[in-house]
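Student: requesting a structural model of the entry that follows:
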Amino acid sequence: MSHLSALDLSLLALGACLVGLSKTALPGAGTLSVGLFAAVLPARQSTGALLVLLILGDLFAVWTYHAHADWAALRRLVPAVLVGVLVGTLFLATAGDGTVRRVIGAILLALIAVTLVQRGAAARRRSQSDDAPVARSAQANGRTSRRLASTGYGVLAGFTTMVANAGGPVVSMYFLSARFSVTRFLGTAAWFFFAVNVAKTPFSVSLGLIDLASLRLDLLLAPAVVVGAFAGRRLARRIDQMLFDRLVIVLTVVSAGYLLIA
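Tutor: Here you go, the predicted model:
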C-alpha cells in the first residue's frame, strides 16, 4: 500500500462504499467499483482485492434479504455459472495485465449496451401488455427459451464475475427478464453472489490474486463497505432510481473508456 497516493486510497474507498450500496440497495453501482479498482491497481490484482470486499457486501445483503430468494432460479443458473468461472480462470491464468485491463473495459461497455437494449425491449413489452395474442406468444416463447437463456446468462455471468467481478449486470438482466419483484430480485441476487464469490475465492488464491498485501488493503477498506451497506438500506426507498441509473451508465462508460486506452 506504500505506493498508493491519498487520491488512490480515496478512489478505492469510494469503490468500496459503492460495493456496499450495490449489495443492499442499488444494483449496478458495483460496476463503478470494478472500474475504480482496475484504474488504481494492476488489473489482475484489482479483481482479488475487490473480491474480498464483495463477499463482505454479500454478507450484508444476505442478512437483509435472506428470506426472499428464488431457489429454483438459482439451481438453474449454477451449472452454467461454474462453467463460466472455469473459463474465466483459464483466461486469467494466460492473459497479461494489459489484456485483462482491456477485456474488463470491453466487458463493461458491452454490458452497458446490452442493458440499454434490454430496457428498450422491456418498455416495448409493457406497451404491448394489453394485446392478449402478443402476450400469449411471448409467454410461450419464454417457456421455450428459459433453459437456453439461463445457460447463456449463467456462462457469461460466471466468466465476467471471475475475470472482472462484473457479473452483476448480467444476472440483473436475467432476473429482470424473469420479471422478479424487488424483494425477490434482491434476495436471489444476494444468495447467488455470495455463493459465487465464495466459490471463486480458491481460484483467485491459486492465481495469486489474493495475498497478504491485498488482504491488508481490504482490511483498510472494509469500513467503507460497511458504511455503504448501511447507507444503502436507508436510502433504497428515497433515491430517484432512474437518475441514479443514468449516472451509473455515464460514469461506467468513462471508466471503461479509460481502461481501454490506458
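Student: next, count neighbours for the nearest residue to Ala256 once chain neighbours are set aside.
Tutor: Take Ala256 and drop its neighbours on the chain: the residue closest to it by C-beta to C-beta, 6 or more residues apart in numbering is Leu108, 3.8 Å away. For glycine as for every other residue, the C-beta is placed from the backbone atoms N, C-alpha and C. By other C-beta atoms under 10 Å, 26 other residues sit near Leu108.
Student: my guess is Leu108 contacts Val254. True?
Tutor: No: Leu108 lies out of contact with Val254 (C-beta atoms under 8 Å); the separation is 10.2 Å.
Student: overlap in contacts, these two.
Tutor: Residues touching both Leu108 and Val254 (C-beta atoms under 8 Å, 6 or more residues apart in numbering) are Gly35.
Student: do a quick rundown of the helices in the protein.
Tutor: Listed in chain order, the helices of the chain (DSSP state H) span 6-24, 30-40, 43-65, 71-94, 97-127, 132-164, 168-177, 182-206, 212-235, 241-261.
Student: dump the fourth one to CSV, keeping only the CA atoms.
Tutor: As requested, the backbone C-alpha atoms of helix 71-94 are provided in CSV (Å, rounded to 0.1, in the frame of the first residue of the first chain):
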residue,chain,number,x,y,z
TRP,A,71,-34.0,-21.2,-5.1
ALA,A,72,-35.4,-22.7,-8.4
ALA,A,73,-33.8,-19.9,-10.4
LEU,A,74,-30.5,-20.3,-8.5
ARG,A,75,-30.4,-24.0,-9.3
ARG,A,76,-30.9,-23.3,-13.0
LEU,A,77,-28.0,-20.9,-13.1
VAL,A,78,-25.4,-22.8,-11.0
PRO,A,79,-24.1,-25.3,-13.6
ALA,A,80,-23.6,-22.7,-16.3
VAL,A,81,-22.0,-20.3,-13.9
LEU,A,82,-19.5,-22.9,-12.8
VAL,A,83,-18.5,-23.4,-16.5
GLY,A,84,-18.1,-19.6,-16.9
VAL,A,85,-15.9,-19.4,-13.8
LEU,A,86,-13.6,-22.1,-15.1
VAL,A,87,-13.3,-20.4,-18.5
GLY,A,88,-12.6,-17.1,-16.7
THR,A,89,-9.9,-18.8,-14.5
LEU,A,90,-8.1,-20.2,-17.6
PHE,A,91,-8.2,-16.7,-19.2
LEU,A,92,-6.7,-15.1,-16.1
ALA,A,93,-4.0,-17.7,-16.0
THR,A,94,-2.9,-17.0,-19.5
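Student: chain center to it, what's the gap?
Tutor: 14 Å (C-alpha atoms, centre = their mean, to the nearest Å).
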